[in-house]
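# take a look and give me a structure for this.
(chains A and B)
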Amino acid sequence: MSLPASQLTPALAVEAPQDAAVVLMPRDGRASALSHLGRMGRGLAELTLPPIVVLGLILGIWQLIDADGAGVPAPLTIWRDSHDLIVHPFFDHGGTDKGLFWHVATSLSRVGFGFSLAAVVGIGLGVLIGASKWAHRGLDPIFQVLRTVPPLAWLPISLAAFHQAQPSALFVIFITSIWPVIINTAVGVRNIPEDYTNVSRVLRLSPLEHFWKVLLPATTPYIFTGLRIGVGMSWLAIIASEMLLGGVGVGFFIWDQYNSSRISDIVVALVWVGLVGFALDRAVALLGRFVSRGTALG
Amino acid sequence: MSKAFLSIEHVGVSFARGSNTAEVLRDLNLQVNEGQFVSIIGHSGCGKSTLLNVVAGLVPVTTGAVILDRVAVEEPGPERAVVFQNHSLLPWLSVYENVSLAVNKVFRGKKTRAQRHDWVMHNLALVQMTHAAQKRPSEISGGMKQRVGIARALAMEPKVLLLDEPFGALDALTRAHLQDSVMEIHAKLRNTVLMITHDVDEAVLLSDRVVMMTNGPAAGIGEVLEVGLSRPRRRIEAHSHPAYVAARHAVIGFLYARSPAARTAA
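Numbering: from 1, shown residues only, chains lettered A, B, ... in the order given. Next up, the predicted model:
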């Protein structure tokens, strides 16, 4: 990409030989800007081209071996069958007959609420377990057992407790995503360098000052590791629980399409689920990097 | 009997882990007068850092007591500010914020906001770090971090300044610069300083007295050496001064006699 600059040089130099030094300055600037743009472009291509090529290959092979379309439809069949669903994500015909955007938005709002609750409670419990030996001894074994219970196993019990779909779904999200937050926060609190605690002791920071000025910033990277795992797990849990609970939501949408044998629509919904899950993961990771900048270094 | 400013009296420290008890210090006595610079030197693991932590209040005594300005030390506090071995600046705060955290804590209600700001800047100026006030610790060098650590400790206006091998992790040139800075600051403020070190030259050059500790377990004080060098001291001239050479020789002799190599040879 720096090629055009080197070709430009002799041509322009011939035109203005008397004040070459003056001419050189902006030309150099443009050349470096060009090569900078070129580097950016190449970086972007290196990042996006391989996945696109591989995706094309996969779709091609899929199309070839699945030409008869029995069972799972081939890519072209999906495009034909679900064309409306793909290109119109925002339609709303009332009831559950909505575009995928609305289903995903409903699922996301449930995850947002349940996960926020899990984050707040999880960080609180994690700090407690990390800071208190007795809380650790008492609670940690219980949590270690509970965290292995699969999300859907909580569903019947939460339905029995809440009698309604919405709070039950929220509870399943909450109970699924809270464990990694608790455990990572606790590990973070236990791993606060003794130096920081000593600084806090020498300064006689009050427990509240210690929490805000030392404990929380020092634990932030651990907390975000937990949040990142938690948000992924809650996205797993929401799809499954919506399938069973019904109503609106991308999980229900998938189940509904299965019942009406619209397999193409399911594939489209799966792509949405995957992309949104990916975006959630990246969003939390990015937020974590932003909040804890400087903390990891040091 | 007139008590010294800082008095370490019959201090013993034992750590119990399960049924095992490790006795680190036994019946240790040391008196430090106000304005004195005292170094504690000894082999690794002899318990000199434990002694400093006892004075800081970070480690409780098992027997005996530490008395500073007629008050027994029972917990950590800003009147016994510590400069830790690895600077221990909080990496999420800027240089300025690291110092102002201490200043705001110690002088809240005693100084106005503007006075506290001036005090932070004054202490950063003492260690020549005003230019990096807004930088994060990760953006400055190891020597600079230690300077900021010293500024933070000085800003608390401690009765005694505790230095825990403050220059151990620095290269020789940076270490020399910082030693000069500490001497200058000590000459200006006349504060009482207790410094842990394993560098003989550092101990002799900076101190009024060098305290040599015996090896652990159950370590105590072996000898106390008065350094008969007048102040202000200059590094180059001091090195050839007979008093310096004699003091250096005495400390090395003490340490060598107690080194593991010497003991196996004997």
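# quick check: the gap between residue A:218 and residue B:77.
22 Å (CB to CB, to the nearest Å). Every C-beta, even on glycine, is put in place using the N, C-alpha and C of the backbone.
# which of the two has more neighbours?
Between residue A:218 and residue B:77, counted using other CB atoms under 10 Å in any protein chain shown, the more crowded position is residue A:218 (23 against 20).
# ok, now which ones touch that one?
Neighbouring residues of residue A:218 by CB atoms under 8 Å, 6 or more residues apart in numbering or on different chains: A:188, A:192-193, A:196, A:295, B:90, B:92.
# what's the closest of those residues to residue A:211?
Nearest to residue A:211, judged by CB to CB, of these is residue A:192 at 11.3 Å.
# distance of the closest one from residue A:229?
For residue A:192 relative to residue A:229 (CB to CB), the value is 21 Å.
# again with residue A:242
In terms of CB to CB, residue A:242 sits 21 Å off from residue A:229.
# looking at these two, which is more packed in?
residue A:242 (25 against 18).
# so what's the residue of the stretch 101-250 of chain B found nearest chain A scoring on pLDDT?
Using CB to the nearest CB, residue B:138 is the residue of the stretch 101-250 of chain B that sits closest to chain A, at 3.7 Å. In this model, residue B:138 is scored at 89, pLDDT.
# surely it and residue B:91 touch.
Yes. Between residue B:138 and residue B:91 there is a contact at 5.9 Å, judged by CB atoms under 8 Å.
# neighbour count: the two, which is higher?
residue B:91 (22 against 15).
# contacting residues for the closest residue to residue B:241 other than its chain neighbours?
Among residues not flanking residue B:241 along the chain, residue B:229 sits closest, at 6.2 Å (CB to CB, 6 or more residues apart in numbering or on different chains). Counting by CB under 8 Å, 6+ apart, residue B:229 touches B:204, B:238, B:241, B:243-244, B:247.
# show me which of the residues you listed are buried.
B:204, B:238, B:244, B:247 (16 or more other CB atoms under 10 Å in any protein chain shown).
# can you put these in a markdown table and add secondary structure and distance to residue B:109?
Listed next are those as a markdown table, based on DSSP: H, G, I helix; E, B strand; the rest coil; distance: CB to CB, whole Å:
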| residue | secondary structure | distance to residue B:109 |
| --- | --- | --- |
| B:204 | helix | 42 |
| B:238 | helix | 44 |
| B:244 | helix | 46 |
| B:247 | helix | 45 |
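# near chain B, which residues of the stretch 51-200 of chain A?
A:193, A:195-196, A:198-199 (CB under 8 Å from any CB of the partner chain).
# repeat the analysis, applying 6 Å as the threshold.
Proximity of the stretch 51-200 of chain A to chain B (CB under 6 Å from any CB of the partner chain) is limited to residues A:195, A:198-199.
# including secondary structure, could these go into TSV?
Converted to TSV, these look like this (DSSP: H, G, I helix; E, B strand; the rest coil):
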residue	secondary structure
A:195	helix
A:198	helix
A:199	helix
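# let's see if you can find the most crowded of the residues you listed.
residue A:199 (25 neighbours).
# residues contacting that residue?
residue B:88 (CB atoms under 6 Å, 6 or more residues apart in numbering or on different chains).
# please repeat the previous calculation with a cut-off of 8 Å.
A:214, B:84, B:88, B:90.
# same question for residue B:12.
Per CB under 8 Å, 6+ apart, neighbours of residue B:12: B:23, B:25-28, B:61-64.
# just these: which are in strands?
B:23, B:25-28, B:63-64 (DSSP state E).
# just the buried residues out of those residues, in ChimeraX syntax.
This is the ChimeraX syntax for the buried subset of these, where burial follows 16+ other CB under 10 Å:
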select /B:25,26,28,64
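# out of the ones in strands among the contacts of residue B:12, flag the one nearest to chain A.
For the ones in strands among the contacts of residue B:12, the nearest to chain A is residue B:25 (18.9 Å; CB to the nearest CB).
# which residues does the closest one bridge with?
residue B:13, residue B:219 (DSSP bridges).
# which residues touch it?
B:11-13, B:47, B:50-51, B:54, B:216, B:218-220 are the contacts of residue B:25 under CB under 8 Å, 6+ apart.
# need those residues in a markdown table (columns: pLDDT).
Shown next, in a markdown table, are the contacts of residue B:25 (pLDDT from 0 to 100):
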| residue | pLDDT |
| --- | --- |
| B:11 | 91 |
| B:12 | 91 |
| B:13 | 91 |
| B:47 | 86 |
| B:50 | 91 |
| B:51 | 92 |
| B:54 | 94 |
| B:216 | 71 |
| B:218 | 83 |
| B:219 | 84 |
| B:220 | 85 |
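# got CSV for those residues, with distance to residue B:129 too?
Shown next, in CSV, are the contacts of residue B:25 (distance: CB to CB, whole Å):
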residue, distance to residue B:129
B:11, 35
B:12, 39
B:13, 35
B:47, 33
B:50, 30
B:51, 29
B:54, 30
B:216, 36
B:218, 41
B:219, 36
B:220, 38
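# and residue A:144, how many neighbours?
So residue A:144, with other CB under 10 Å, has 11 neighbours.
# all helices of the stretch 51-200 of chain A, in order?
Taking DSSP state H, counting those that start in this stretch, the helices of the stretch 51-200 of chain A run over residues A:75-81, A:83-87, A:100-131, A:133-146, A:154-162, A:165-190, A:194-202.
# mean pLDDT per helix and strand in chain A: which one sits at the bottom?
helix A:3-15 (a mean of 41; mean pLDDT, DSSP states H and E).
# which ones are touching the residue nearest the centre of chain B?
Residue closest to the mean C-alpha point of chain B, counted by CA atoms, centre = their mean, is residue B:163 at 2.0 Å. With contact set as CB under 8 Å, 6+ apart, residue B:163 has these partners: B:82-83, B:182, B:193-197.
# okay, the residues you listed in CSV with neighbour count, distance to chain A and pLDDT next?
Listed next are these as CSV, based on neighbours: other CB atoms under 10 Å in any protein chain shown; distance: CB to the nearest CB, whole Å; pLDDT from 0 to 100:
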residue, neighbour count, distance to chain A, pLDDT
B:82, 31, 6, 93
B:83, 25, 10, 93
B:182, 25, 19, 91
B:193, 24, 16, 94
B:194, 26, 14, 94
B:195, 25, 16, 94
B:196, 24, 14, 93
B:197, 22, 19, 91
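# export those to a markdown table and tack on secondary structure?
Shown next, in a markdown table, are the contacts of residue B:163 (three-state DSSP):
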| residue | secondary structure |
| --- | --- |
| B:82 | strand |
| B:83 | strand |
| B:182 | helix |
| B:193 | strand |
| B:194 | strand |
| B:195 | strand |
| B:196 | strand |
| B:197 | strand |
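# closest one of those residues to residue B:105?
residue B:82 (14.4 Å).
# thought the closest one was touching residue B:49?
No. Residue B:82 is not in contact with residue B:49 according to CB under 8 Å; the separation is 10.7 Å.
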